[in-house]
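Trainee: Requesting a structural model of the entry that follows:
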Amino acid sequence: MAVNLTELSLPQLEGLKSQLDQEIEFLTSSIGQLKVVQTKYVEAKDNLNVLNKANEGKEVLVPLTSSMYVPGTLNDVDHVLVDVGTGYYVEKNVEESKKFFKRKIDFLTKQIEKIQPPLQEKHAMKQAVMEVMNMKFQQLQNSQQASQSAGATKA
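Mentor: Sure thing, here's the model as predicted:
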């Protein structure tokens, strides 16, 4: 159902603008969250490049928590444990892991691309609402000035 913005009152336009602001914020936040996850997958995929025969047996720091590491030795450069979600880990070889991360990255890219058009549409709608609001506000000011000057000439 199409609505002619010029037929809406200023309070109705303000409500519509507020709703659009919320939707824009939600979509922008969603894109941001997807990009954060996507970046983690890209980093994980890139980190797999360290696993090669040349680095086998080298000293590494193994994270126990986000701020505590213990020394270790890189023994198996052919297999890794991959977090596949909901607390499940699967042992995969490096190539399978790279393919897994690539699928995840591609999926997130598609989700971000799906959100972009509605976000742009909401921005355009908000801009149109603001233009109509400015026009109505200007008309209101002009009519108030006209009534004030008409009242001043009668006195």
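
Trainee: Show me the shaky parts of this structure.
Mentor: 1, 151-155 (pLDDT under 70).

Trainee: Just want the most central residue of it.
Mentor: Ile31 (1.6 Å; CA atoms, centre = their mean).

Trainee: Secondary structure element holding that one?
Mentor: helix 10-47 (DSSP states H and E).

Trainee: From the contact counts, what lies against that helix?
Mentor: helix 94-154 (3 or more CB pairs under 8 Å, 6 or more residues apart in numbering; DSSP states H and E). (Each C-beta comes from the backbone N, C-alpha and C, glycine too.)

Trainee: returning to what we had before: just the buried residues of the helix holding Ile31, please?
Mentor: 13, 16-17, 20, 23-24, 27, 31, 34, 38, 41, 44-45 (16 or more other CB atoms under 10 Å).

Trainee: Just the closest of those residues to His79, please.
Mentor: The shortest approach to His79 among the buried residues of helix 10-47 belongs to Ala44, at 14.8 Å (CB to CB).

Trainee: can you tell me which residues contact that closest one?
Mentor: By CB atoms under 8 Å, 6 or more residues apart in numbering, the residues touching Ala44 are Phe101.

Trainee: Among the buried residues of helix 10-47, find me the one that's closest to Gln111.
Mentor: The closest of the buried residues of helix 10-47, once distances to Gln111 are taken by CB to CB, is Leu34, at 5.6 Å.

Trainee: Isn't the closest one up against Ile112?
Mentor: Yes. Leu34 lies in contact with Ile112 (CB atoms under 8 Å); the separation is 5.2 Å.

Trainee: Any chance of CSV for the buried residues of helix 10-47, columns distance to Gly57?
Mentor: Converted to CSV, those look like this (distance: CB to CB, whole Å):
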residue, distance to Gly57
Leu13, 69
Leu16, 65
Lys17, 63
Leu20, 59
Glu23, 54
Ile24, 53
Leu27, 49
Ile31, 43
Leu34, 38
Gln38, 33
Tyr41, 28
Ala44, 23
Lys45, 24
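
Trainee: out of those, who's nearest Leu81?
Mentor: Ala44 (11.5 Å).

Trainee: Roughly how far does that closest one sit from Gly85?
Mentor: Ala44 sits 13 Å away from Gly85, going by CB to CB, to the nearest Å.

Trainee: The host helix or strand of Lys92 packs against which elements?
Mentor: Assigned by DSSP H and E, Lys92 falls within strand 88-93. The helices and strands touching strand 88-93, judged by 3+ CB pairs under 8 Å, 6+ apart, are strand 79-85.
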